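A.B. asks: Here is a sequence with its predicted model. Questions after.
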Amino acid sequence: MSRRVVYTRGGSPADVLTVIEEPEQAAPQTGQVLVRTTAFPVHPGDLQAVEAYPGNGEESVPAGVEATGVVEAIGPGTPVAPGVEPGARVTVFPHPGAWSQWIMAAARAVVAVPAGVSDEVAAQMLVNPITAVMLRREAEAHASIGYDGVLLQTAAGSSVGRLLTAVSLAHDISLVNVVRSERGAAELRDRFPDVPVVATEDAGWSDEVRRVVGGRPLGVALDPIGGTLAESLLDLLTPGGTLICYGQTAPEPISLPASTLLHKSLTLRGMTVGRWMSDTSLDRQASDVAAAKLIAMAAKEQFDVAGAYGLDDLAEAVQHAQRPGKVGTVLIRPWD
Ligand SMILES: NC(=O)c1ccc[n+]([C@@H]2O[C@H](COP(=O)([O-])OP(=O)(O)OC[C@H]3O[C@@H](n4cnc5c(N)ncnc54)[C@H](OP(=O)(O)O)[C@@H]3O)[C@@H](O)[C@H]2O)c1
């Protein structure tokens, strides 16, 4: 038998996620790769999908989108990416239902893990690095960022935020990191001493951002929070600037007078890795995956693991993933 995480109704993930047993997967068909997973990450988006699910308990939905593991078998005549062969370590994304001991993956979602990349990093090798790559590309498409312009990101202590900081340092991008607490700011300063950090718990945080920016254009802000924080970011942007929203954490909507957009010619954009899958050319996706692998090798130390749990401790794992102040991604090891 094989164990898999599913949900049948929406609500608190700790309450509605369950582990079921099902028959082991059959042999892979052409186009498929059978993977025995070793770890999978609990991403905020995985949990938001569970919370928002409108189902009424009748249909079972498999959870998760990313996992790492070892190739068990490849369907006959299946074209695979370099390095994908029986016994090879791979990461799979996108795969709806990745939180399972066994995955029957579409071959094009299976990526070989470079030598020297640990299972802990491999389990986070695609979603977050691809998000960082995509955000940097979008930011650069909308403003000059370097000596002559500054990029700002909120939730900078998040797993994505730390990768984006590492990517910005590698590309000489002038970045201002914004976090909500002084504790989080101190953690980031230790990690990236050359990147300024501002905490929104300080009443004068907007003025502190302006001081740090020092008169240079603040052309782009990256924000996965939304709500009133996003409104403050629009206020900070220079005329012509762009706010790129890539998550919704705040419960309240972004609400602003149209004149804020009009008088400064501001742009609001949304981005998700889901649209990356549907809207990005296959060539671009392949080059983004290659970039994600490079990030996994070059910035290993930014792939912190907040905690690792077995499937029997699933509720504890998802509660940990939602805990304020955690640093890193929670992993599940499905055979522990
Ligand atoms: N669009 C996409 O395709 C995409 C892809 C990946 C991730 N994301 C989004 O990116 C964000 C980060 O993901 P992750 O996996 O890196 O998350 P993570 O490591 O779990 O970190 C979550 C971060 O959000 C901060 N936070 C939570 N609630 C907040 C609030 N009300 N106000 C300000 N900050 C708050 C936390 O700050 P503390 O440290 O203070 O707790 C923490 O830094 C999530 O919103 C996620 O949904 C989007």
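C.D. replies: Alright, I've got the coordinates.

A.B. asks: okay, stretch 310-317 in PDB with CA atoms only?
C.D. replies: Provided in PDB are the C-alpha atoms of stretch 310-317 (Å, rounded to 0.1, in the frame of the first residue of the first chain):
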ATOM      1  CA  GLY A 310       6.600  12.200   9.200                       C
ATOM      2  CA  LEU A 311       3.100  11.700   7.700                       C
ATOM      3  CA  ASP A 312       1.800  10.700  11.200                       C
ATOM      4  CA  ASP A 313       2.500  14.200  12.400                       C
ATOM      5  CA  LEU A 314       0.900  16.000   9.400                       C
ATOM      6  CA  ALA A 315      -1.300  18.300  11.500                       C
ATOM      7  CA  GLU A 316       1.800  19.400  13.500                       C
ATOM      8  CA  ALA A 317       3.700  20.000  10.300                       C
END
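
A.B. asks: how about it against the ligand, any contact?
C.D. replies: No. Shown here: stretch 310-317 not in contact with the ligand (CB under 6 Å from any ligand atom), separated by at least 12.6 Å. Placement of C-beta: from N, CA and C, glycine included.

A.B. asks: Could you say which helix or strand holds the nearest residue in space to V6 that is not next to it in sequence?
C.D. replies: Distances taken as CB to CB, 6 or more residues apart in numbering put S60 closest to V6, at 4.6 Å, once the chain neighbours are dropped. Element membership of S60, judged by DSSP states H and E, is strand 56-62.

A.B. asks: in that strand, what counts as buried?
C.D. replies: Within strand 56-62, the residues that count as buried by 16 or more other CB atoms under 10 Å are V61, P62.

A.B. asks: What of stretch 45-57?
C.D. replies: G45, D46, L47, A49, V50, Y53.

A.B. asks: likewise stretch 240-255?
C.D. replies: Across stretch 240-255, burial judged by 16+ other CB under 10 Å covers G241, T242, L243, I244, C245, Y246, G247, Q248, I254.

A.B. asks: what do you get for stretch 196-203?
C.D. replies: With the criterion 16+ other CB under 10 Å, stretch 196-203 contains buried residues P196, V197, V198, A199, T200.

A.B. asks: next one: stretch 217-234
C.D. replies: 217-227, 229-234.

A.B. asks: can you confirm G161 is in a strand?
C.D. replies: No. Counting by DSSP: H, G, I helix; E, B strand; the rest coil, G161 is not found in a strand; it is helix.

A.B. asks: what's the spacing between the nearest residue to it once chain neighbours are set aside and the ligand?
C.D. replies: The shortest distance from G161 to any non-neighbouring residue, by CB to CB, 6+ apart, is to A155 (5.4 Å). With the distance defined as CB to the nearest ligand atom, to the nearest Å, A155 ends up 4 Å from the ligand.

A.B. asks: who touches A155 in this structure?
C.D. replies: G161, V178, V179, R180, D223, P224, I225, G247, T249 (CB atoms under 8 Å, 6 or more residues apart in numbering).

A.B. asks: if you set the cut-off to 7 Å instead, what comes out?
C.D. replies: Residues in contact with A155 (CB atoms under 7 Å, 6 or more residues apart in numbering) are G161, P224, I225.

A.B. asks: and the ligand, which of these contact it?
C.D. replies: The residues of those that also fall near the ligand, by CB under 6 Å from any ligand atom, are P224, I225.

A.B. asks: could you give me the average pLDDT of stretch 111-124?
C.D. replies: For stretch 111-124, the mean per-residue pLDDT is 97.

A.B. asks: which parts of it are buried?
C.D. replies: Of the residues in stretch 111-124, those buried by neighbour count under the rule 16+ other CB under 10 Å are V111, A112, V113, V117, D119, E120, V121, A122, A123, Q124.

A.B. asks: The longest strand belonging to the chain pairs with which strands?
C.D. replies: If you go by DSSP state E, the chain has its longest strand at strand 32-42. Partners of strand 32-42 in the sheet, by DSSP bridges, are strand 67-74 (antiparallel), strand 102-106 (antiparallel), strand 329-332 (antiparallel).

A.B. asks: coming back round to it: what is the strand holding S60 packed up against?
C.D. replies: strand 2-9 (3 or more CB pairs under 7 Å, 6 or more residues apart in numbering; DSSP states H and E).
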